[in-house]
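Novice: model the structure of this input:
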Amino acid sequence: MGRIGVIKKKQRVALAPARRRMLRERMAGVPFPNLLGMKMVKLVPGEARISMSGVSKLHQYQKIVHGGAISSLADTAATFAALASVPDGFDVITIEFKLNFLAPFAKGKAIATGRIVHLGRRTCVSEVSIRKPGSGETIAVGLFTMLCFQAAPSR
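Specialist: Model prediction:
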């Protein structure tokens, strides 16, 4: 991890196409979201949408998607909403979250939408809702806090 840096207001800019492409490639190259079958649906400054299918390999003993998989989906949406909002040269890592499960999710698709509600000098707060497309039923809602830091130079 790099050193803790400070985001200055003038550093907050629109998401350039090269950065959007880099973030999409970053998600595609990370094994864990791929293992869970996550796909990036939307990425704009302050918002990310990530989908995941409720396949049986993610089920727990009650034949619904395990809460850990749903939490991972929420964390991924919150993280990429934050990454799309911080300036070049900064990275984020989750330091706290709370997630409320509101409805079971067994099959079909779930869409997690992460939205930035606060981008400070050292932390970022994202709210996440996970819904079933079509019905719009809410599966879970959560609040995530990220530490923003200057990324370590590439080796």
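Novice: element containing the residue nearest the centre of the chain, please.
Specialist: In the chain, the C-alpha nearest the mean C-alpha coordinate belongs to Ala77, at 1.9 Å (C-alpha atoms, centre = their mean). Using DSSP states H and E, Ala77 sits within helix 67-83.
Novice: helices or strands next to the next helix or strand after that helix in the packing?
Specialist: Reading on from helix 67-83 to the C-terminus, the next helix or strand found by DSSP H and E is strand 90-101. When contacts are defined as 3 or more C-beta pairs under 8 Å, 6 or more residues apart in numbering; DSSP states H and E, strand 90-101 sits against helix 67-83, strand 123-131, strand 138-150. In this view, the C-beta of every residue, glycine as well, is placed from N, C-alpha and C.
Novice: quick one, which of the ones you listed is nearest to Ala28?
Specialist: Closest to Ala28 of these is helix 67-83 (C-beta to C-beta; 11.7 Å).
Novice: returning to that earlier point: winner for burial among the helices and strands packed on strand 90-101?
Specialist: Of all those, helix 67-83 carries the top mean neighbour count, a mean of 24, counting by mean count of other C-beta atoms under 10 Å.
Novice: just how off-centre is it within its chain?
Specialist: Put simply, helix 67-83 sits 4 Å off its chain's centre (C-alpha atoms, centre = their mean, to the nearest Å).
Novice: got a list of what Gly37 touches?
Specialist: Met52, Ser53, Val55, Leu58 (C-beta atoms under 8 Å, 6 or more residues apart in numbering).
Novice: ok so, going back, which one of the helices and strands packed on strand 90-101 lies nearest to Phe101?
Specialist: Using C-beta to C-beta, the helices and strands packed on strand 90-101 put strand 138-150 closest to Phe101, at 5.0 Å.
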